[in-house]
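> compute the structure for the input listed below.
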Amino acid sequence: MADTPWLGDTCSLVDAFRRGERSPVEELEATLAAIDGSELNAFSFLDPERALEAAKSADVSLPFGGVPIGIKELDQVEGWPNTEASLVFRDRRATWTGTMVRRALELGGCVPVGQTTASEFGGLNVSVTKLNGITGNGWDPTRTAGGSSGGSASAVAGGLVTLATGGDGGGSIRIPAGFNGLVGMKGTVGRIPRGPMMMAGPMTVLLGCLARSVRDVCRWYDVTNGHDPRDPYSLPRVDGWEANLGRHDLAGKRVAIAPDLGKAVVRREVAELVRRAGEQLAADAGLTIVDDVHVEVPELGFEWAMANLATLLADLGDRWPECKDELTMEMSFGLQMATEHFDLKMAARCEENRMRAFESMARVFEQVDFVICATNPDVAYPAHVTLNTRVGDVQVGPENNGALTIPANIYGNPSVSVPIGQVDGLPVGMQIMGRHHEDALVLDLAHVVERERPWPLVAPGAPV
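Predicted coordinates:
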């Protein structure tokens, strides 16, 4: 048996399987042992019997053949808990498997280990729930893993699995990727299909993975992208993501470097690191820096937050409001505010704000091909924090993070977070945004960063 799970990227693990240097069963055993000994609280459910059966019969010729993966607990797997990280649904089981997960298992050959923790209903960019408790950061368990895909990021950075699923409705892949030193890609809206049984609103949610390398993300796209009729907004299939990585001409393309994206409050050390890394990337890739681009996305406001709770109310059905005390304070308060105060006038202001955001982002991408900014305003704050608070001289908390990530969700354009270094010994992520449908160019820029300034694939001391 291997002493630890594989600490390289996923593609290299598959290569090791194919060379006979490691077996899927050995890897699974090491993975389960590491999870059992971990203090991260990154997994909420394990299915060792199903995983062992899959590992024993793994076809390592498949793209992810034999690779143990974590599956975010907001992604359904038939027969597994379907709690959505909430006490309200603690006894519910899934009766279907999501399209992305099904493709990963059937076409990719992944071994499903269990569910990674998330925020309740994906509503906050932290991983603190009444159902599962607190999930720690892979680099420091006392710090936040981010959210809502926090358990996935923690598990990958913490050396438990090499790959885990994620979803991003306002930064829920990129925020935890930035906090945990990983690659987190939010593709063009519809790139990877959602469903079945999907609710379309608020038209900002994308699916993907948390990974250690850019090529891992590309291989994930090769396996999972492409139209599915249960998601009428999903895009046609595109092949060759991994094969074409690094083969696109980037020279002369234009980039704006705006660490604060115009108005977010970003810690000075983080902003300086992002600017230096952006300038280095521009030099390495032959990009032209455009200095006079005004990047400013309008505030989406209270109305937007309230409108996003419509799908939650539909999910809860007649359980609300009796279930109020079972919800986390933030979700309960938000839902109560929405049901009491949201009206047609608010819905109209919401659509006006969305329109203004479209126009603002479009003006930017009429002038440049890429925008570079910070992923998070600061490094990971204490793990228990769920509301903005002051730590020393810095205001930290989940309310700050979305200012940098939500614009790409509203506009629907591709955006990736890549590690660029550390502040106070914790990872800093840089976000690279591109035009709609130019996901491959965004990934190529991420690959340039990776090639020129490689990052640690796992946290120091992993598995922890």
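> residue 296 - nearest residue in space that isn't next to it in sequence?
Taking C-beta to C-beta, 6 or more residues apart in numbering as the measure, residue 296 lies nearest to residue 262, with 3.5 Å between them; neighbours along the chain are not counted. The way it works is simple: take the backbone N, C-alpha and C, and place the C-beta from them, glycine included.
> and that neighbour, that's in a helix?
No. Assigned with DSSP: H, G, I helix; E, B strand; the rest coil, residue 262 falls outside any helix and is coil.
> what about it, neighbour count?
Summarising burial for residue 262: neighbours were counted as other C-beta atoms under 10 Å, giving 20.
> test my guess that it contacts residue 298.
No. If you go by C-beta atoms under 8 Å, residue 262 and residue 298 don't touch, sitting 9.9 Å apart.
> got the phi and psi for the residue nearest to residue 296?
Backbone dihedrals for residue 262, given as degrees, to the nearest 10, come out at phi 100, psi -40.
> report pLDDT for it.
At residue 262, the model reports a pLDDT of 88.
> could you report the neighbour count for the closest residue to residue 332 other than its chain neighbours?
Once flanking residues are discounted, residue 332 sits nearest to residue 324: 5.0 Å by C-beta to C-beta, 6+ apart. Close neighbours of residue 324, defined as other C-beta under 10 Å, add up to 15.
> is it true that residue 455 touches residue 181?
Yes. With contact defined as C-beta under 8 Å, residue 455 reaches residue 181; the gap is 6.3 Å.
> mutual contacts of these two, please.
Shared between the contact lists of residue 455 and residue 181 (criterion: C-beta atoms under 8 Å, 6 or more residues apart in numbering) are residues residue 419.
> which of these two has more neighbours?
Neighbour tally, residue 455 and residue 181, criterion other C-beta under 10 Å: the higher count belongs to residue 181, 30 against 18.
> could you measure from that one over to residue 64?
Relative to residue 64, residue 181 is positioned 22 Å away (C-beta to C-beta, to the nearest Å).
> now residue 363
40 Å.
> residue 142 too?
Residue 142 is 32 Å from residue 64, where distance means C-beta to C-beta.
> more neighbours: these two, which one.
Neighbour tally, residue 142 and residue 64, criterion other C-beta under 10 Å: the higher count belongs to residue 64, 28 against 12.
> ok, that one touching residue 163?
Yes. Because the distance of 7.3 Å satisfies C-beta under 8 Å, residue 64 is recorded as touching residue 163.
> list residues touching both of those two?
Overlap of the contact sets of residue 64 and residue 163 (by C-beta under 8 Å, 6+ apart) consists of 10, 110.
> quick one, helices of this structure?
10-19, 24-37, 48-56, 99-106, 150-157, 174-180, 214-224, 268-285, 301-307, 310-316, 329-341, 344-367, 398-411, 439-452 (DSSP state H).
> of all these, which one is nearest residue 4?
Comparison of the helices of the chain against residue 4 by C-beta to C-beta identifies helix 24-37 as nearest, at 5.9 Å.
> show residues contacting the closest one.
So helix 24-37 is contacted by 1-6, 13, 17, 42-43, 46, 48, 51-52, 55-56, 58, 60, 65-68, 111, 113-114, 155, 159-161, 463 (C-beta under 8 Å, 6+ apart).
> filter the residues you listed down to the ones in strands?
Those of the contacts of helix 24-37 mapping onto strands are 43, 46, 68, 111, 113, 114, per DSSP state E.
> roughly how far does the closest residue to the first one other than its chain neighbours sit from residue 172?
Right, residue 43. If you skip the residues right next to it in sequence, residue 43 has residue 114 as its closest partner in space, 5.0 Å away by C-beta to C-beta, 6+ apart. The spacing between residue 114 and residue 172, counted by C-beta to C-beta, is 19 Å.
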